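Colleague: Requesting a structural model of the entry that follows:
(one chain, ligands or ions: 1)
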Amino acid sequence: RTLSYDQLLIAAGSGAVQPEYCRGDNRAYTLRFLEDALKIENQAVGKGIVAGGGFVGVKTAYGLKERGLEVEMVVSSPHLLSMVMSERAAVWAERDLQSLGVVLNRSADIAEIHAANHQVLAVLTSGKEIRSDVLVVGKGVIPRLELARSAGLAVEAGILVNEFMETSEPDIYAAGDCCQALDVTRGRPWINAVWPVAVEQGYYAGMNMAGFPAAYPGSVAMNSLKTPLSHLINAGLLKTAEGVTFHERQTPGKNQFRMLAMRENIPVGMMFYNAPEGAGPVVNLIRRGKPLSPGIPEAIVSGEASLYDLIKTLTR
Ligand SMILES: Cc1cc2nc3c(=O)[nH]c(=O)nc-3n(C[C@H](O)[C@H](O)[C@H](O)COP(=O)(O)OP(=O)(O)OC[C@H]3O[C@@H](n4cnc5c(N)ncnc54)[C@H](O)[C@@H]3O)c2cc1C
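Modeller: Numbering: from 1, shown residues only. Here you go, the predicted structure:
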C-alpha cells in the first residue's frame, strides 16, 4: 500500500549489534525486544556468559546473578564500562561485580560458539573455553538506516538532520536512535541513543512538521546505571578530546568517585559513581554550557560544592 505525505518522520530506532556467532538459535541472545528477555529468562539456570562490558552487559550480569546463576563476563576492552569510566574509576565497578563472584575476562572476545549437550560452549580468542546455559550479548546498538539509505538521504553513522530535525530531503524528518543530530558538548552531530534524547528530538521534529519552527538545542549523552551495589551517573564527554581536561577524585573512606571534564572553564562531561547528590545540577550545567568560577570544578569532584553554589551558577 502506498501512502502519500506532506511531512514524514523516520524514527526507526536501532537494533542490537549481532556478532556472527550470535545468529541462530544457539542459546546466544542479544537483548532488544521482550521476546529476547523471555528467551534469556527461560534459559537462565546454572551458568551464564555475558559478552560486553557496557551498560546492558553490566545490568545483565547483575540480573543473572540475582537469579542465582554463576556468571562470567567476556569484555573486549581492558576494563568494564570503558565508554564511560576511566580505568582508575572502573576498578570500583569491577570490584562490586567480583564481590558477587562474577568472573571477568578482560581484553577478551568470543571467537566462536558451539552447541554442546543443551549448553553453549564459547571459545575465546585466547583459546579459553567456557560452557554455559545461556549467553547474552550486549555489544551496543546500530541505527536502522535501510529506509533512509533507500530514500537517498544523507547518512553518516545515523541520519543527518539540520537544526529543525529535517533530513537532507525537504519535508522528511528524523528523530531518535536512528538520527545524528547536534551534540552540544561535541559541537557536531552525534548519536546519543537514549530514551530522553529520542523523546526530545521527537518533540522538536513534531513541532517543525506541524509548522511551528523550533530549533533543536542539541543533546548531551547521558546515562544512569543503578545496580544493587552501585549507582553510576554520567553525561557528556568522558574520553580524551582536544582541549578537554579531567578532574577526578575518589572520596577517601567511601566507595565514591567523581569525574568532571572541562573545556577551559566550561563543564563538558561528568561521571559520578555512588554519588548521585548534586548530579542533576551538574548535568544541567553541562547541557547549558555554563562557565564555572575558579575552584568550583575542584569542589564538584570533592563533593564539597553546595547545591546553592551549583544552582547559583545555573541561574547566572
Ligand atoms: C536493553 C536496552 C536497555 C535500554 N535501557 C535504557 C535506559 O535505561 N534508559 C534510556 O534512556 N534508554 C535505554 N535504552 C535505549 C532506548 O530504548 C532507546 O534510546 C529508545 O527506545 C529510542 O527510541 P526510538 O523511538 O528512537 O527507537 P525505538 O524505541 O527502537 O523504536 C523504533 C520503532 O520503529 C520500528 N521500525 C523500525 N523500522 C521500521 C520501518 N522500516 N517501518 C516502520 N517501523 C519501523 C521498530 O519496530 C520500533 O518499534 C535501552 C535500550 C536497550 C536495547
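Colleague: Help me see whether the longest helix belonging to the chain makes contact with the ligand, please.
Modeller: Counting residues, the longest helix found in the chain (DSSP state H) is helix 195-209. Yes: using C-beta under 6 Å from any ligand atom, helix 195-209 reaches the ligand at 195-196, 198. Using the backbone N, CA and C atoms, a C-beta is placed for each residue, glycine as well.
Colleague: Tell me the secondary structure at residue 136.
Modeller: In three-state terms, and counting by DSSP: H, G, I helix; E, B strand; the rest coil, residue 136 is strand.
Colleague: Please read the previous query as pertaining to residue 275.
Modeller: coil.
Colleague: you'd agree residue 310 is in a helix?
Modeller: Yes: judged by three-state DSSP, residue 310 forms part of a helix.
Colleague: Distance from the host helix or strand of residue 35 to the middle of the chain?
Modeller: Here residue 35, judged by DSSP states H and E, is contained in helix 34-42. Relative to its parent chain, helix 34-42 has a centroid offset of 21 Å by C-alpha atoms, centre = their mean, to the nearest Å.
Colleague: Over to stretch 94-108?
Modeller: 20 Å.
Colleague: State the mean pLDDT of it.
Modeller: Model confidence over stretch 94-108 averages 95 on the pLDDT scale.
Colleague: which of the residues in it are buried?
Modeller: 94, 96-97, 102, 104-106, 108 (16 or more other C-beta atoms under 10 Å).
Colleague: Could I get the full set of helices for the stretch 201-316 of the chain?
Modeller: Shown for the stretch 201-316 of the chain, the helices assigned by DSSP state H, counting those that start in this stretch span residues 279-288, 296-302, 307-315.
Colleague: that older thread, list the neighbours of the helix holding residue 35 that are in contact with it.
Modeller: Helix 34-42 is contacted by residues 29-31, 60, 134, 136 when judged by C-beta atoms under 8 Å, 6 or more residues apart in numbering.
Colleague: C-terminal to it, which secondary structure element comes first?
Modeller: strand 47-51.
Colleague: and the helix or strand residue 57 falls within, which residues are buried?
Modeller: According to DSSP H and E, residue 57 maps onto helix 55-66. Buried residues in helix 55-66, counted by 16+ other C-beta under 10 Å: 55-65.
Colleague: Over to stretch 161-173?
Modeller: 161, 165-167, 172-173.
Colleague: does that stretch come close to the ligand?
Modeller: No: judged by C-beta under 6 Å from any ligand atom, stretch 161-173 stays clear of the ligand, getting no closer than 12.3 Å.
Colleague: for stretch 8-18, same thing?
Modeller: Yes: against the ligand, stretch 8-18 shows contacts by C-beta under 6 Å from any ligand atom at 11-14.
Colleague: what residues does the chain put near the ligand?
Modeller: Close to the ligand, as judged by C-beta under 6 Å from any ligand atom, the chain has residues 11-14, 31-32, 56, 144, 147, 176-177, 193-196, 198.
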